[in-house]
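Have a look; sequence and predicted model below, questions after that.
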Amino acid sequence: MGYQEHHEAPVDEGRRPRRRRRPVRTAAAVVGIFALLGVIALAGFAFYLQNTAERNIVHEDLLSKDNAVITISPQLTGGERPSGDDGEEQDDAEGGDGEPAEDEEPIVIVGEDGQEVEVQEGTTHTATTPERATEAGEALNFLIIGSDSRDLSVERGRSDVIVLMHINDQRDRVDLIHFPRDTFVPIPGTGGSSKINAAYAYGGAPLLVQTLQQQVNVPIDHVVIVNFESFKAMTDAIGGVDVNVTQAGGGFSTGVQHMNGEQGLRFVRERYSLSQGDISRGERQMQFIKGIITKALSRETLTNPGRIAGFVDAATTNLTVDEDLRVGDMRDLGFSMRNVRGGDIHFWSGPWCGIADHPVAGSIILKADAQMARLAEALRSDSMSGYVDNVSPRSGFGGGC
């Protein structure tokens with residue numbers, strides 16, 4: 001949080017008449033009292049913020065530690081989509097041409113023979129965790145799951161946003177890697193492969209952790225699930241955010257655009273008018289997240305207690321985290337990263353090389369295996385500063401992989 005330093009000029013008592021010592025001491029005492037009151041006020045405010053976070057945050061068993069047993073319990077529908085103010089479903093729930101949304105496609109597991117695999121309810125998978133490399137030091141990996149579901153407590157559905165956040169050992173760099181939800185990968189415990197967000201539908205966050213860990217070969221330390229409505233509330237709590245729009249579409253032109261919460265939701269949900277569909281939407285989501293982080297870390301926010309309080313309340317409402325992630329840990333991590341600014345936050349896409357129309361799974365994104373291995377090594381060795389992705393297409397839908 002913001003802080004102020006108080007510097008007192010040294011007093012050269014040798015140059016002051018003796019009769020003025022008492023008033024100076026009295027003034028110093030008054031200043032000391034006000035300084036003490038300031039410290040107490042700041043401490044009380046910090047206590048208030050921590051209490052707010054502890055009251056709002058829900059803790060659940062979201063991680064999959066070694067030898068933990070994950071039960072496969074498929075939720076085979078995409079779940080109810082949120083409605084707009086007019087009661088109609090959001091544009092994202094149905095394409096402009098009236099075709100069913102991607103979320104309405106059946107969630108299927110595909111075997112090595114290309115045929116659908118029937119996964120029995122109650123099938124189990126024993127969790128494993130990649131070994132942490134010594135050179136990674138105390139680098140941390142967070143799995144951030146964003147959902148458009150109305151109520152995560154009753155509806156798991158599919159994960160709309162899958163982001164791996166890597167915080168380096170020095171706490172001066174953050175890398176956010178967005179994995180497109182249609183990325184076709186093996187789903188542990190099912191005997192086959194599917195779109196990566198199917199892992200969440202079949203086994204919740206623990207199975208998604210297992211699925212992603214197989215791709216990046218690093219342990220995921222913590223899991224955070226956030227509802228899209230929280231992004232809206234966070235944005236409004238800090239007076240809106242500036243977002244660098246790199247691709248026009250959905251009513252937004254290129255350039256820096258100031259967005260309130262409602263505009264932000266429309267911005268991150270749009271995909272049909274964008275050149276690379278869900279890939280482009282992932283880029284938009286990262287641009288919007290960067291806008292929130294940059295504004296939250298700005299002097300304008302950090303020196304405004306009311307905004308800080310509103311932001312913390314909005315950020316922690318509808319927030320679910322793993323049982324090992326305590327509010328005190330979040331506070332300490334935030335303090336250790338107090339010098340991080342927008343330029344220290346870097347965005348990537350999970351490496352991909354093309355899009356295919358699978359006869360069983362539907363439209364899928366093909367991952368670039370060799371580039372995924374490079375990403376895994378950069379994460380494993382905490383060397384993301386040297387990572388380069390010249391493989392994932394910057395335009396179009398790629399070719400053969």
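Perfect, thanks for sending it.

Kindly give the local confidence score, pLDDT, for Tyr272.
Looking at Tyr272, its pLDDT stands at 86.

nope, Pro10 is what I meant
Note for Pro10: predicted pLDDT of 49.

Likewise for Gly44?
So, for Gly44, pLDDT stands at 64.

next one: Leu62
pLDDT, read off for Leu62, is 94.

For it, which three-state class applies?
coil (DSSP: H, G, I helix; E, B strand; the rest coil).

and the most centrally placed residue in the chain, what does it touch?
Nearest to the geometric centre of the chain sits Ile144, at 4.1 Å (CA atoms, centre = their mean). Ile144 makes contacts with Val161, Ile162, Val163, Leu164, Met165, Val224, Val226, as judged by CB atoms under 8 Å, 6 or more residues apart in numbering. From N, CA and C alone the C-beta is placed, and that goes for glycine too.

between those, which has the most around it?
Most neighbours among the contacts of Ile144, by other CB atoms under 10 Å: Ile162, with 25 neighbours.

Confirm that one sits in a strand?
Yes - the assignment for Ile162 (three-state DSSP) places it in a strand.

Tell me where the stretch 101-250 of the chain has strands.
Taking DSSP state E, counting those that start in this stretch as the criterion, the stretch 101-250 of the chain carries its strands at 109-110, 116-117, 124-126, 140-147, 161-167, 174-178, 184-187, 192-195, 222-227, 241-245.

Gly386: which of the ones you listed is closest?
strand 174-178 (11.6 Å; CB to CB).

Check which helices and strands the closest one sits against.
strand 161-167, helix 278-296, strand 345-349 (3 or more CB pairs under 8 Å, 6 or more residues apart in numbering; DSSP states H and E).

Just give me how far the longest one sits from the chain centre.
What that stands for is helix 278-296. 10 Å (CA atoms, centre = their mean, to the nearest Å).

Let me know the next secondary structure element after that helix.
helix 299-302 (DSSP states H and E).

quick one: average pLDDT of that following helix?
pLDDT averaged over helix 299-302 gives 84.

residues of it that come out buried?
Thr301 (16 or more other CB atoms under 10 Å).

In which helix or strand does the nearest residue to Asn217 once chain neighbours are set aside reside?
Nearest-residue entry for Asn217: Ala376, 4.3 Å, with adjacent residues in sequence omitted and distances by CB to CB, 6 or more residues apart in numbering. Assigned by DSSP H and E, Ala376 falls within helix 369-380.

now the angle from that helix to strand 345-349?
150 degrees (axes from the mean of the first three to the mean of the last three CA atoms, to 10 degrees).

looking at it, Gln287 is touching Asn244, isn't it?
Yes - counting by CB atoms under 8 Å, Gln287 does reach Asn244; the two are 5.8 Å apart.
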